[in-house]
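Participant: Curious how this folds, go ahead:
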Amino acid sequence: MNLYRRMSLTVATVVIAVLAGQPARPQNQPAEASTDKSEIEQLKEQLNVLREEQLRMRRDLEQIKSLLKRRTSVAEGDPYRGKTVSLGGNSFKGQRDAKITLVEFSDFQCPHCARYARETLPRLEEEFISTGRIKYVFRDLPLERIHKSAFRAAEAANCAGEQGQFWPMHDTLFANRAELGEDKFGEFAKRLDLDAKAFEVCMQERKFKSEVENDMREAQQLSINGTPTFLIGLTRPGSDQITVIRSLRGAVRYEQLKQALDAVLEKL
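Facilitator: As a prediction, this is how the structure comes out:
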């Protein structure tokens, strides 16, 4: 039974109760007719009050329903769905032509990103990346206002990538995110057996500065301002772009990411 019907029954119940409370009057007592008329007028006034209250409750209910509908619509909407995102030049894992691409915008000093890299990415690689189900792309979004070494760390990863060691440097940077700094990047390069001189020149010349800035610029255009942010999209054959289907933001657990990827892959 809906609310309107319950309110209508309430009004009817009050009317019946009021009428039931009136004693029966013999037909031979016309002198009390004026009294009956006064009581009927009072009853009418009470009914009018009840109707006004019912209308007010109905208006309030409609406003609440409208507000809930708007909030639900916002919650269900994905701000990135249907948007085009470029991949050109960014480091990736998996098959180049996989139908689904997962893009991560990340910051090497972000604690949530580090936990994701440590706990979730290895499981994702085992089940989705190494099996060819998805292509995985890393894009830089160093939040310089709060992470002072994040931009240079992004450059260090790309300089290591120049020697084919992006992902080992990626893992090293996240494993040591609390102590990142200029004095550490060269040390990490030696630890990974990179050509130390070539790495140093790359960092000094800031060879990948513009590429990091390009990632940041596109993130801004997409209104991405937090890390990590994940975009799941359809890979466009012969193109370095994807069309976003789904997005996830923040400290995403593996189970959440797996569920989202499975849902997308099932529809292909």
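
Participant: buried residues in stretch 220-236?
Facilitator: Applying a neighbour-count criterion of 16 or more other CB atoms under 10 Å, the buried positions in stretch 220-236 are 222, 224, 227-233, 235. All C-beta spots, glycine's among them, are computed from the backbone N, C-alpha and C.

Participant: for stretch 51-62, same thing?
Facilitator: Neighbour counts over stretch 51-62 (16+ other CB under 10 Å) mark Q54 as buried.

Participant: Specify the residue ranges that define each domain of this protein.
Facilitator: 3-19+35-76, 84-266 (automatic domain parsing).

Participant: Span of the last one from start to end?
Facilitator: With CA to CA, to the nearest Å as the measure, domain 84-266 spans 22 Å from end to end.

Participant: can you give me the helices for the protein?
Facilitator: 3-20, 33-76, 111-115, 121-124, 150-161, 166-175, 182-191, 196-205, 209-221, 254-266 (DSSP state H).

Participant: Give me the helices and strands touching the fifth one, please.
Facilitator: Counting contacts by 3 or more CB pairs under 8 Å, 6 or more residues apart in numbering; DSSP states H and E, the secondary-structure elements packed against helix 150-161 are helix 166-175, helix 182-191, helix 196-205, helix 209-221.

Participant: Run through the stretch 51-200 of the chain and note the low-pLDDT ranges.
Facilitator: 60-76 (pLDDT under 70).

Participant: Scan the chain for its longest strand.
Facilitator: Secondary structure of the chain per DSSP state E: the longest strand is strand 241-249.

Participant: shouldn't P111 be in contact with R177?
Facilitator: Yes: in this structure, P111 is within contact of R177 by CB atoms under 8 Å, at 7.3 Å.

Participant: Between the two, tell me which one has more neighbours.
Facilitator: R177 (20 against 14; other CB atoms under 10 Å).

Participant: Please report the distance of the more buried one from R139.
Facilitator: 18 Å (CB to CB, to the nearest Å).

Participant: rewinding a little: out of the domains of the chain, which is the most enclosed?
Facilitator: Ranked by mean neighbour count, the domains of the chain are led by domain 84-266 with a mean of 18 (mean count of other CB atoms under 10 Å).

Participant: How far does that one sit from its chain's centre?
Facilitator: 19 Å (CA atoms, centre = their mean, to the nearest Å).
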